[in-house]
Each structure stands twice: as C-alpha cells, then as structure tokens.
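In: Predicted model and sequence below, questions to follow.
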Amino acid sequence: MDVEDAIRGRRSVREYTKEPVSDGDIDVILDAGRWAPSGLNNQPWRFMVLRGERKDSISRFTKYGGIIRKAPVCVAVFFDRESGYDRTKDMQAIGACIQNMLLAIHDLGLGAVWLGEIVNQHEKVEAALGLKHELMAIVAIGHPIVSASEGERKGLDELMIEDG
C-alpha cells in the first residue's frame with residue numbers, strides 16, 4: 001500500500017468479526033512498531049499481546065471495556081522506564097511506534113483503535129498484568145465488521161500558526 005493512501009485511509013475501527021488475528025499478522029504489526037524512531041535509538045516501548053482471559057481482565061478499567069472484550073486481540077504498549085532518557089521524547093517515540101502499528105494493521109486489511117482512556121487507570125492495569133512498565137495505550141485489533149467511512153480533517157489553513 002502506498003504510504004499516503006495508508007495515512008489517509010486508516011480509520012479507528014471499534015467493531016470486529018469473531019475471526020482470529022493470526023500470529024503472523026501480530027508479528028508484522030509489532031515489527032512495524034519496533035521500527036519507529038526514538039531518541040538515541042533507545043526504543044522505550046514494550047509490548048504485551050493480550051487474548052482471552054488476560055485481555056478481558058483489564059477491560060474493567062475503562063469505559064471502553066466492551067471494545068477490548070470483543071476484539072480478538074489487543075496489544076498493550078508500555079513505556080520501559082529503565083530505557084528512557086527524556087520523558088517527552090520517549091512519549092513522542094511511543095506515539096510514533098503506535099502509529100506505525102496502526103498503519104501496518106490497516107495495510108494488512110485489519111482494523112484497530114488506539115485506546116488511551118485506560119491510561120487513567122494504568123496502575124491497576126499494570127498490577128493486574130504483574131508488570132513494572134507504564135501503560136501507554138491498548139490497541140484493539142480485529143477484522144472489521146464494516147468498512148471505514150470517509151475521514152474529515154481541518155484544512156491546513158486552520159492549523160497553521162502565522163509567523164510573527
């Protein structure tokens with residue numbers, strides 16, 4: 001898929017069929033994430049693939065728990081504090097990592113949504129999963145039930161800051 005088509009065509013998908021997502025597709029998705037840029041190439045992200053009971057156990061920590069429960073698979077993305085060197089740059093890198101994953105998911109013909117609201121309960125999620133890493137997002141992934149709608153974006157003229 002052409003990069004511009006992937007960027008413009010990707011949408012948040014919140015409803016999935018029951019068809020499983022293959023391990024091979026998960027590997028492609030995670031590999032795309034690990035190739036994101038990071039300051040000093042520190043690669044501060046860590047991943048956990050969540051299926052079944054483990055996935056369902058964290059769904060209670062967000063108002064979007066239904067999406068997590070119904071998705072065939074979720075990827076939890078964490079910040080590894082020990083590899084970090086500058087929190088702002090590390091957070092930007094993790095955002096780039098997640099975007100790479102979302103674009104790979106779209107390219108595979110799958111659908112996904114980046115769930116960030118659950119981060120408000122990150123300590124509970126980390127405790128439930130027995131981890132010391134800091135939760136950054138959950139990416140719910142599956143085969144979309146419906147095709148994506150057209151996206152809307154503000155025009156560049158609305159986003160530009162005038163010089164001086």
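Out: Received, thanks.
In: Off-centre distance for the longest helix belonging to the chain?
Out: Longest helix of the chain, by residue count under DSSP state H: helix 87-107. When distances are taken as Cα atoms, centre = their mean, to the nearest Å, helix 87-107 is centred 7 Å away from the chain's centroid.
In: Report the buried residues of that helix.
Out: Neighbour counts over helix 87-107 (16 or more other Cβ atoms under 10 Å) mark 90, 93-107 as buried. All C-beta spots, glycine's among them, are computed from the backbone N, C-alpha and C.
In: Which one of those residues is nearest to residue 141?
Out: residue 105 (5.9 Å; Cβ to Cβ).
In: any idea how far the closest one is from residue 33?
Out: Relative to residue 33, residue 105 is positioned 10 Å away (Cβ to Cβ, to the nearest Å).
In: And for residue 102?
Out: For residue 102, the distance to residue 33 (Cβ to Cβ) stands at 9 Å.
In: Over to residue 153?
Out: 24 Å.
In: same thing with residue 89?
Out: 17 Å.
In: Same check on residue 117?
Out: 20 Å.
In: Have a look at these two and say which one is more surrounded.
Out: Neighbour comparison, residue 117 and residue 33: the larger count goes to residue 33, with 24 against 12 (by other Cβ atoms under 10 Å).
In: Contacts only, for the more buried one.
Out: Going by Cβ atoms under 8 Å, 6 or more residues apart in numbering, residue 33 touches 45, 47, 77, 97-98, 100-101, 104.
In: swap the cut-off to 6 Å and go again
Out: By Cβ atoms under 6 Å, 6 or more residues apart in numbering, residue 33 lies in contact with 97, 100-101.
In: Check which helix or strand it maps to.
Out: helix 23-34 (DSSP states H and E).
In: hang on, the earlier thing: so which of the contacts of residue 33 comes closest to residue 14?
Out: Nearest to residue 14 among these, counting by Cβ to Cβ, is residue 101 at 16.5 Å.
In: Much appreciated, bye for now.
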